[in-house]
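Colleague: For reference, the sequence and a predicted model appear below.
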Amino acid sequence: METAVCYGVTPTIDMHLLRPILPLSLLLLVLTGPARAAALRNSATLRNIASRLDTIPRPVGYVNDFEHLFTPGQIDALDSMIHDYERRTTIEIAVLTVDTSLTLPGNFDFFTQQTMNAWGMGKKGKENGILIGISRSFRKIRIQNGSGIQQLLPNADTKKIIDDAFIPFFRKGQYYEGIVSGLRTLMQRLE
């Protein structure tokens, strides 16, 4: 088992405190220096750090705001909007905001797909679930569509909705307005 050593001293850093503020690559450089970062990639230390990430959180509603982008009133309004839409159409939509403690930037797409699967999004036999994953920290958005939705809304159309309805608001830091705009566009497109 390899131990990270920095100038002959074993660092004693509380990883729990660093994880939210440092991406893993920077953390490796802090712990080991540039020459040892590549060698540490396959070590037990890295596996231990990575095992703390990519843990699928439990859903708390239609809006799962782990990055704290929305006020409680905004979450209630979005929950109500999505709930009413599901009641009319049976299409299940969830919003997930992802902070740096949940996954790494390079795993964001995989993480949102795994979260959608773990949460069982979509009605059985219809596969009509949609998960909208957003991370302000990573500057990423991903819409994961169930196979039933992909037939109605191909990836090119989903990308256009992201570019036209979500991103203009997100660039201004208006995450709530961007989600409302994007949800309305998705809902209109699928009705």
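Modeller: Received, thanks. Numbers count the residues shown, from 1 in each chain.

Colleague: Kindly provide the whole-number mean pLDDT of the helix or strand hosting residue 84.
Modeller: Assigned by DSSP states H and E, residue 84 belongs to helix 72-89. Across helix 72-89, pLDDT averages out at 97.

Colleague: what's the pLDDT at the most centrally placed residue in the chain?
Modeller: In the chain, the residue lying closest to the centroid (Cα atoms, centre = their mean) is residue 98, at 3.9 Å. According to the prediction, residue 98 has pLDDT 95.

Colleague: packing partners for the helix holding residue 84?
Modeller: strand 63-65, strand 92-97, helix 175-190 (3 or more Cβ pairs under 8 Å, 6 or more residues apart in numbering; DSSP states H and E). Where you see a C-beta, it was placed from the backbone N, CA and C, and this is true even at glycine.

Colleague: what about residue 61, neighbour count?
Modeller: 14 (other Cβ atoms under 10 Å).

Colleague: typo on my end, it should be residue 80
Modeller: By other Cβ under 10 Å, the residues close to residue 80 number 11.

Colleague: ditto for residue 97
Modeller: Counted with other Cβ under 10 Å, the neighbours of residue 97 add up to 21.

Colleague: Not counting its neighbours along the chain, what's nearest it?
Modeller: residue 67 (3.8 Å; Cβ to Cβ, 6 or more residues apart in numbering).

Colleague: Surely the one you found and residue 135 touch.
Modeller: Yes - using Cβ atoms under 8 Å, residue 67 makes contact with residue 135 at a distance of 6.5 Å.

Colleague: which ones are touching residue 63?
Modeller: Neighbouring residues of residue 63 by Cβ atoms under 8 Å, 6 or more residues apart in numbering: 70, 75, 78-79, 82, 94-95.

Colleague: how far away is it from residue 125?
Modeller: 26 Å (Cβ to Cβ, to the nearest Å).
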